[in-house]
Each structure stands twice: as structure tokens, then as C-alpha cells.
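Chemist: Dropping the sequence and predicted coords here.
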Amino acid sequence: MRRIFFVVFACMPRASGTEPAVTLSLSEFEELFQSARLAEATADFEARKRSLQAAHDAKVAKSSACEARNEAEASRQSKDALLKLSPLNYIVLSHDVSGQFNSSDEELSGIERDVATFQVELLVRVLTDGPWTLVPIVNA
């Protein structure tokens, strides 16, 4: 096997005036070079990973803020639509709700074919003399 030796000189001389010499075989030099390249590539990869993670976190935060604004806007619009449909021109003075649920089969209870009946009694005072008043019961 043929060995090639490299001599690496330091830029700064020793105090004694002689320059240090390091002798490496080709395989040792290649191993040292590859480990240095691997360390550099790993550092570059970690830096890229951190920057991508930061960009991803920023996009997620922006998306979350946008979703929150959209949900708030949708909620406000649904409330506005409800107020247009059902003006709050009434006061509920008292209410009474009673109901009964009959399940056809106890193993299948809760399926849509089961029947529930409710009796709702409301005492409402209408505040204005409008042509109509709508009192929502389901979302009450």
C-alpha cells in the first residue's frame, strides 16, 4: 500500500523559531477533512432548520390570528343577521320548559328516529309597537 504524507504548517512560528509540522497519512487526512465537512454541513443544516422553523412558526401565528379574526367577524355577522331577523324588542319575564324523550330501543337511543316532545311556555313583554316580534327558542 502506498502512503502519501501531507505536511501542514502553522501560520505562526513557535517561540523557538522552528515551525511545527504535522504528518498525516492520506486516509487520516481524508477522515479529518470529511469530519470537518460533516461538522460544517451539520451546522448549516441546523441553521437552515432553525430559520425554516421560525418562518413556519410565523406563518402559523399569522394564520391563527387570521382565523381568530375570521371567526370573530363571522360571529359578529351572525349576530347582526340575527338582530336584523329578530330585533331585541322584547323581554322574557318568565319561562317554563318541560319535555319527554321516548327511545324506541335502549341500545339505539339517540338515533334521529327517536322522538322527543317539549312544551315551552314563555311570558314575554314586547317593548315596541312593531308589526311583528320573533323570539328565538332554540338558541335561547
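Modeler: Everything's here; your move. Residues are numbered from 1 along each chain as shown.
Chemist: looking at this protein, which helix or strand is least sure?
Modeler: strand 5-9 (a mean of 54; mean pLDDT, DSSP states H and E).
Chemist: so where's the protein shaky on pLDDT?
Modeler: 1-18, 82-87, 103-114, 130-131, 138-140 (pLDDT under 70).
Chemist: Let me see the ranges of the helices in this protein.
Modeler: Secondary structure of the chain (DSSP state H): helices at 26-85.
Chemist: how much distance is there from stretch 62-70 to the middle of the chain?
Modeler: Mean-position distance between stretch 62-70 and its chain equals 10 Å (CA atoms, centre = their mean, to the nearest Å).
Chemist: Next, give phi and psi for Thr128.
Modeler: Per-residue torsions, Thr128: phi -120, psi 160 (degrees, to the nearest 10).
Chemist: got a list of what Phe45 touches?
Modeler: If you count contacts by CB atoms under 8 Å, 6 or more residues apart in numbering, Phe45 has none. C-beta coordinates here come from the backbone N, C-alpha and C atoms, glycine included.
Chemist: From Ala36, how far off is Glu30?
Modeler: 11 Å (CB to CB, to the nearest Å).
Chemist: Ignore what I typed, I meant Asn102.
Modeler: Counting by CB to CB - Asn102 and Ala36 are separated by 79 Å.
Chemist: and what of Ala21?
Modeler: From Ala21 to Ala36 the distance is 20 Å (CB to CB).
Chemist: repeat for Asp129
Modeler: From Asp129 to Ala36 the distance is 89 Å (CB to CB).
Chemist: who's more crowded, those two?
Modeler: Ala36 (10 against 6; other CB atoms under 10 Å).
Chemist: Skip the chain neighbours and tell me the closest residue to Ser94.
Modeler: Leu123 (4.4 Å; CB to CB, 6 or more residues apart in numbering).
Chemist: So what's the residue count around Glu28?
Modeler: 14.
Chemist: Roughly how far does it sit from Val115?
Modeler: Distance of Glu28 to Val115, given as CB to CB: 86 Å.
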